[in-house]
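In: Below is the sequence, then the predicted model.
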Amino acid sequence: MAKKILIIDDEKDMRVYLDTFLRKAGFETETAENGEEGLRKARASIPDLITLDLLMPKQSGVRAYRELRSAPETRGVPVIILTGLLRQEDFFKQDDGSLTAPDAIVEKPIERASFLKKVRELTGG
Amino acid sequence: VRPVDRKPIAVALAGDERWVFVYILCVLLISAGVGIAVGHVPGWMLGSALAVTLSLASYFMFLTPRRRQIRTYARWRDVMPCYLSVQDRDLRIIDTNDLFRREFGNRVGERCFEAYKNKDGRCPDCPVLMTFEDGQGHSGEETVVGKGGTIHHVVVTSAPLKDDHGDVVAVVEMSMDVTEITNLRRELDQSRRDYKELFGSVPCYICVLDRDLRISEANDLYVRGFGDVRGSLCYEACKGRDSPCNDCLVAKTFKDGRMHTSEETLTTRDGRQMNLVVHSMPVLDDTGEVRSVLEVFTDITEVKNLQRQLTLMGRAVTGMAHRIKNLLMGLEGGIFVVNTGMEDDDKDAVAQGWEMVERNVNRVTRMVKDLLYCSKERRPEFEEGVSPIEIARDVHDLYSTRISGEGIALNVEVEDDVPPGFYDPEGIHSLLSNLVSNAIDACRFDATEGKESHNITIRCLKGNADTTVFEVEDNGPGIPEEDVDRVFEDFFSTKGTEGTGVGLLVVQKIAQEHGGTVTFDSSPGEGTRFTVTIPPA
């Protein structure tokens, strides 16, 4: 059975791109355009991997990440952070440091081959 | 005052001597006469012997002290390390020493001021004449001219030569050659003047402080910048404090005798803030102790400004790189989706991908356009009869469709009597678009609790004195207080996708091209209003 990936990104272009790319690579996908929607979908159907854009309106990216990591049902789901920020530390600066590091941080624009490798690694697919 | 005695002392002396000899001769003659008269040989002999004894006694009594005086004078005269002359009341030279003759020649008989002072009349405050008057020694400074025309600076001291009655018969003038010393003193004065001039004209603020931190000296620039603060305490005069600064450089230099450096911000008396590099340097006395401390302030305000601009530029480039990355991502994504759609023969996917490509190409276009606005590439194209109201409506229409369904309401409010005028229509369009884009980004990223919906209002109004006023107001998160000062400086925002990142710079540039101004009001959590006021052309 195909592994399921939840794509949380406020930019439509990004959602369409990742959705098309991951489907073509043989994954089942689901998209959410903000943190709240993402959380809802993650809880409803626990995915095998979540890609999350951190810099989303209303800080919903950071909030969603914190929720995903603290809720028992989603704690085990691997998360790839997609970021446009140049330095990864910036991500942790936005929080008080209590956040556990994500499974992977991928800088935009994504390099498709290595991104896919990382996705496969984390989903065990 | 006795009548002028023209007799030189030697002659006077010779006269005295003559009298003594005449006296002795008389005694001899009388003795001899008496002896002959009485025809008494032993009496004659006795008379002669008595006469000789008396003569010798008178010689020693009357002449020896005088001779001794003259001899002493003659002996010392030629070993004295000064130009020496003896002058009479007429200032005529009676006698000179070797050194005098060597330097000025044999001037005996000439008048002092003609002989070696190159003057037609007596000098004012002549010490020799003063000595003739009061019998006391006097001194003064004079310039004399040697045989070869060499100029000598001399310190003149006069001393009286008195006769038996205690009357001054001649005056000795001793001139010490101080040419070397005078030259050194001149050089010293010159270097002191040079130092003063240098102190005054260096393009640094300089002051000299004593141990109490009192300013003893300050250069011209310092006085211009901070007023004449000489005599006041440094921390009071320049820093407006009532106690010394915690990390006082001057105190450190007084303590260890070394130079110290720091950066400070000071305000001049006309209220200008200056960034300064301060050096404190010790001024040592003969024993090597720190006598005072020199404080030199170099104005680096311009350098600091450039530094800040460079930092901002660096941040702008970083922000731009971030935006370009996002745009590339969108383009790559679009191309990928188009390719996938073609491979799978999925027309919808092709259309979707193509739309992504178009959108991102548009973003690139807008960004490049804005960047060109910021540089000097684009010249404004002003036209007559441009309606600002229409531009406001156009921008409203453009963005209304773009943000439909996002929970942000975009309104336009215009006063119909705003007249058409002389504007750069493309510029004004760009100005409003940028303000609206920024407002949209701000609303999208507003994380304020309990704010359900957002409003953005574009206004085109008639202002005071026939000005045209554009306003863009939003009820977004507002500008954080700590960023208020940097709104127009730290122009490259990294958040949001609507704005191009250089928006406010563009807004400012266009407003300036129209002779207008940009201001803003912002309350954190409540929103921001940008106001552009453009005067009539």
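Out: In hand now; what should we look at? Numbering: from 1, shown residues only, chains lettered A, B, ... in the order given.

In: element containing the one residue in chain B that gets nearest to chain A?
Out: Here chain B gets closest to chain A at one residue, B:G333, 2.8 Å apart by CB to the nearest CB. Glycine gets a C-beta too; all of them are placed from N, C-alpha and C. When secondary structure is defined by DSSP states H and E, B:G333 falls within helix B:301-343.

In: what mean pLDDT does that helix have?
Out: Throughout helix B:301-343, pLDDT has a mean value of 85.

In: on contacts alone, who are the packing partners of it?
Out: Here helix B:301-343 touches helix A:12-24, strand B:273-284, helix B:347-374, going by 3 or more CB pairs under 8 Å, 6 or more residues apart in numbering or on different chains; DSSP states H and E.

In: want to throw those into JSON lines with distance to B:H152?
Out: Output for the helices and strands packed on helix B:301-343, formatted as JSON lines (distance: least, CB to CB, whole Å):
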{"stretch": "helix A:12-24", "distance to B:H152": "98"}
{"stretch": "strand B:273-284", "distance to B:H152": "36"}
{"stretch": "helix B:347-374", "distance to B:H152": "76"}
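
In: Deepest-packed of these, please.
Out: Counting by mean count of other CB atoms under 10 Å in any protein chain shown, helix A:12-24 has the highest mean neighbour count of the helices and strands packed on helix B:301-343, with a mean of 21.

In: That one - contacts with which helices or strands?
Out: By 3+ CB pairs under 8 Å, 6+ apart, helix A:12-24 packs against strand A:4-8, strand A:28-32, helix A:112-123, helix B:301-343, helix B:347-374.

In: what angle do that helix and helix A:112-123 make?
Out: Per axes from the mean of the first three to the mean of the last three CA atoms, to 10 degrees, the angle that helix A:12-24 makes with helix A:112-123 is 70 degrees.

In: Keeping just the C-alphas, turn helix A:12-24 into CSV.
Out: C-alpha atoms of helix A:12-24 as CSV (Å, rounded to 0.1, in the frame of the first residue of the first chain):
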residue,chain,number,x,y,z
LYS,A,12,-0.8,27.1,-3.6
ASP,A,13,2.1,26.7,-6.0
MET,A,14,4.1,24.8,-3.5
ARG,A,15,1.1,22.5,-2.7
VAL,A,16,0.5,21.8,-6.3
TYR,A,17,4.2,21.2,-7.0
LEU,A,18,4.8,18.8,-4.1
ASP,A,19,1.5,17.1,-4.6
THR,A,20,2.2,16.4,-8.3
PHE,A,21,5.8,15.4,-7.6
LEU,A,22,5.1,13.0,-4.7
ARG,A,23,2.1,11.4,-6.4
LYS,A,24,4.3,10.8,-9.5
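
In: Need the contact partners of it.
Out: A:5, A:7, A:9, A:29, A:31, A:33, A:51, A:53, A:82, A:112, A:116, A:119, B:329-330, B:332-334, B:336-337, B:340, B:349, B:352-353, B:356, B:359-360 (CB atoms under 8 Å, 6 or more residues apart in numbering or on different chains).

In: Which residues does the closest residue to B:G463 other than its chain neighbours form beta bridges with?
Out: Using CB to CB, 6 or more residues apart in numbering or on different chains and skipping the chain neighbours, the partner closest in space to B:G463 is B:V469 (4.0 Å). Listed by DSSP bridges, the beta-bridge partners for B:V469 are B:L461, B:T533.

In: how far is the helix holding B:G333 from where the chain is centred?
Out: The chain centre lies 47 Å from the centre of helix B:301-343; the measure is CA atoms, centre = their mean, to the nearest Å.

In: do stretch B:74-87 as well
Out: 53 Å.

In: Can you tell me what sits against it?
Out: B:8-9, B:93-100, B:103-104, B:107, B:112, B:128, B:144, B:154, B:161, B:170-177.

In: Buried residues of that stretch, list them for me.
Out: B:R77, B:C82, B:Y83, B:L84, B:S85, B:V86, B:Q87 (16 or more other CB atoms under 10 Å in any protein chain shown).

In: Okay, and which of those map to helices?
Out: B:R77 (DSSP state H).

In: could the buried residues of stretch B:74-87 be laid out in CSV, adding distance to B:S48 and pLDDT?
Out: Below are the buried residues of stretch B:74-87 laid out as CSV (distance: CB to CB, whole Å; pLDDT from 0 to 100):
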residue, distance to B:S48, pLDDT
B:R77, 39, 80
B:C82, 49, 90
B:Y83, 50, 91
B:L84, 44, 91
B:S85, 45, 91
B:V86, 40, 90
B:Q87, 44, 91
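
In: just curious, which of the buried residues of stretch B:74-87 is nearest to B:E449?
Out: In terms of CB to CB, no member of the buried residues of stretch B:74-87 lies closer to B:E449 than B:C82, at 101.8 Å.

In: so what's B:V229 up against?
Out: B:C207, B:I215, B:A218, B:Y222, B:V223, B:A237, B:C238.

In: do the same with A:E33
Out: Neighbouring residues of A:E33 by CB under 8 Å, 6+ apart: A:I8, A:D9, A:D10, A:K12, A:R15.

In: hmm, 10 Å instead?
Out: Contacts for A:E33 were tallied using CB atoms under 10 Å, 6 or more residues apart in numbering or on different chains; they are A:I7, A:I8, A:D9, A:D10, A:E11, A:K12, A:M14, A:R15, A:D53, A:M56, A:P57, A:S60.

In: so, if you compare these, which one comes nearest to B:A409?
Out: For the contacts of A:E33, the nearest to B:A409 is A:P57 (16.3 Å; CB to CB).

In: quick one: B:V436 and B:I403 touch, right?
Out: Yes: using CB atoms under 10 Å as the test, B:V436 is close enough to B:I403 to be in contact (9.3 Å).

In: Between the two, point out the one with more neighbours.
Out: B:V436 (28 against 18; other CB atoms under 10 Å in any protein chain shown).

In: Look at A:A64 and give its secondary structure.
Out: Of the three states, A:A64 takes helix under DSSP: H, G, I helix; E, B strand; the rest coil.

In: Hmm, it is touching A:L39, no?
Out: Yes: assessed by CB under 10 Å, A:A64 is found in contact with A:L39 at 5.5 Å.

In: between these two, who's got more neighbours?
Out: Each of A:A64 and A:L39 had its neighbours counted (other CB under 10 Å), and the higher figure belongs to A:A64 (26 against 22).

In: Who are the contact partners of that one?
Out: A:8, A:32, A:34-39, A:42, A:50, A:52-54, A:56, A:74, A:79.

In: so which of these also contact chain B?
Out: With the criterion set as CB under 10 Å from any CB of the partner chain, the members of these near chain B are A:M56.
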